[in-house]
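Enquirer: Next input, structure requested:
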Amino acid sequence: MSSKKTSLPYAKEFLEKLLYQMLLIRDFEEKASQMYGLRKIGGFLHLYIGQEAVAVGSIASLDLARDYVLTAYRDHGHALVCGTSSRSLMAELYGKATGCSRGKGGSMHFFDAKNHFLGGNGIVGAHIPLAAGVALKIAYNKEGGLVLCFFGDGAIHQGSFHETLNLAKIWRLPVIFICENNQYGMGTDFRRVSSVTDFTLFGNSYGIQGRQVDGMDVLAVYEEFVRTGKHCRENLEPAFIEVKTYRYRGHSASDPAKYRTKEELDEYKKQDPILILKSKMTEAGVAGQDDFERLEARCRIEVDDAMEFAEKSPQPALETLYEDVLV
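Expert: Got it, this is the predicted structure:
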């Protein structure tokens, strides 16, 4: 049996960054779930556990000085990877004034204009035209930037999706439309509600390059987005990527997810994106258990600090209730 190590064409620092971001998302979501159970967090809570490689791998390909990210309501992971502090995000979940949306948006409406993260949007598919608008701004001003627009498989059949893809192609907008296909729209298997199960065909039907990628492998995601992003920038045109992923929790924190079997869930847990990257790093001799424990400890410290910050932060002042509602 050969003991020859596999090689990875990436620096240890880069791989540790990807792993740290996935671990941070996982820890942040686990803590948010715990606090939701204790009723310290209210409203809806859509967790990203299992899908971490999608946000981490894709956003790693961006230059957030000129690029932008928009997503739907399962938005915690994207915001963390864009650089929004875990403190301000946890405070937002708590509804505190120090939150990224001043405690008024909650889980579904994270927002950080400074880091080019434009939501967190609560209505299914409604942010897809907004992403095209941002891409139009980039193209009009010749900024050389790119927009990543994330949505779930449940948004695929919204009219806003189809209208926007058509317009983006006609106007040659630099936007990558990303379907995070986690297999279920709320509680319904996507195959039961879609006459087309290869979603890349939707992109092709509008003359837009469509690709599929394994969303449980962060390096596969990163490499695909580097390739596609380069193509979109150089040719000033949109693209469509279906990322095949899986969520380990229910649609929201209140969903027991009884519509799937334990065997199915266990099978997908063998494809945990964190374990896959750890395995690749170990086999390549890039990192070992001590490195992983160091990163995990850093994540726990950061998430515990964020929770403590949220606990101690003030409630929004009563007079802010009507601010930013009307122009």
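
Enquirer: The closest residue to E283 other than its chain neighbours: what's it in contact with?
Expert: Ranked by CB to CB, 6 or more residues apart in numbering and with sequence neighbours excluded, the top spatial neighbour of E283 is T6, at 4.9 Å. Bear in mind the C-beta positions are built from the backbone N, C-alpha and C, glycine included. Listed by CB atoms under 8 Å, 6 or more residues apart in numbering, the contact set of T6 reads K280, E283, A284.

Enquirer: which of these tops the neighbour count?
Expert: When neighbours are taken as other CB atoms under 10 Å, the top entry among these is K280 (19 neighbours).

Enquirer: Please report the distance of the residue nearest to that one when sequence neighbours are not counted from I170.
Expert: Closest residue to K280 apart from its sequence neighbours, by CB to CB, 6+ apart: L8 at 6.3 Å. Counting by CB to CB, to the nearest Å, the separation of L8 from I170 is 41 Å.

Enquirer: just T188 next, same as before
Expert: 32 Å.

Enquirer: just Y94 next, same as before
Expert: For Y94 relative to I170 (CB to CB), the value is 44 Å.

Enquirer: where are the low-confidence patches of the chain?
Expert: 1-5, 189, 193, 195 (pLDDT under 70).

Enquirer: what about 50?
Expert: For the chain, residues meeting the criterion pLDDT under 50 lie at 1-2.

Enquirer: which residue ranges form the helices in it?
Expert: Assigned by DSSP state H, the chain shows helices spanning 12-37, 52-59, 76-82, 86-93, 127-140, 159-171, 190-193, 200-205, 218-235, 262-269, 273-283, 289-312.

Enquirer: still on that earlier bit, looking at Y94 and I170, which one has more neighbours?
Expert: The neighbour comparison of Y94 against I170 (other CB under 10 Å) goes to Y94, with 24 against 11.

Enquirer: Kindly present the contacts of T6 as CSV, with separate columns for distance to I41.
Expert: Below are those laid out as CSV (distance: CB to CB, whole Å):
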residue, distance to I41
K280, 34
E283, 39
A284, 39
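
Enquirer: closest to L24 among the residues you listed?
Expert: Nearest to L24, judged by CB to CB, of the contacts of T6 is K280 at 18.9 Å.

Enquirer: can you tell me which residues contact that closest one?
Expert: K280 touches T6, L8, L219, counting by CB under 8 Å, 6+ apart.

Enquirer: so the last one sits right up against A60, yeah?
Expert: No. Counting by CB atoms under 8 Å, L219 sits too far from A60 to count as a contact (9.7 Å).

Enquirer: neighbour-wise, which of these two wins?
Expert: Each of L219 and A60 has its neighbours counted (other CB under 10 Å); L219 has more, 21 against 18.

Enquirer: Distance of the more buried one relative to S254?
Expert: 34 Å.

Enquirer: go on, A287?
Expert: 37 Å.

Enquirer: ok, the two, which is more surrounded?
Expert: The neighbour comparison of A287 against S254 (other CB under 10 Å) goes to A287, with 19 against 9.

Enquirer: Quick check: that one touching L277?
Expert: No. A287 is beyond contact range of L277, at 9.6 Å (criterion: CB under 8 Å).

Enquirer: Show me whatever sits in contact with both of these two.
Expert: Shared contacts of A287 and L277 (CB under 8 Å, 6+ apart): L15, L19.

Enquirer: F199: what's it in contact with?
Expert: D153, I156, C179, N181, G210, F240, E242.

Enquirer: Grab the nearest non-local neighbour of the fourth one.
Expert: It stands for N181. Nearest non-adjacent residue to N181, counting by CB to CB, 6+ apart: D153, 4.4 Å away.

Enquirer: could you measure the one you found against A135, distance?
Expert: Distance of D153 to A135, computed by CB to CB: 22 Å.

Enquirer: More neighbours: the two, which one.
Expert: A135 (27 against 24).

Enquirer: Assess the claim that that one and L173 are in contact.
Expert: Yes. Counting by CB under 8 Å, A135 touches L173, with 3.8 Å between them.

Enquirer: Mutual contacts of those two, please.
Expert: V147, P238.

Enquirer: picking up where we left off before, how about the contacts of F199, which pair is most distant?
Expert: Among these, D153 and G210 lie farthest apart (CB to CB), at 14.4 Å.

Enquirer: now the residue nearest to E283: how far from G103?
Expert: Per CB to CB, T6 is found 47 Å from G103.
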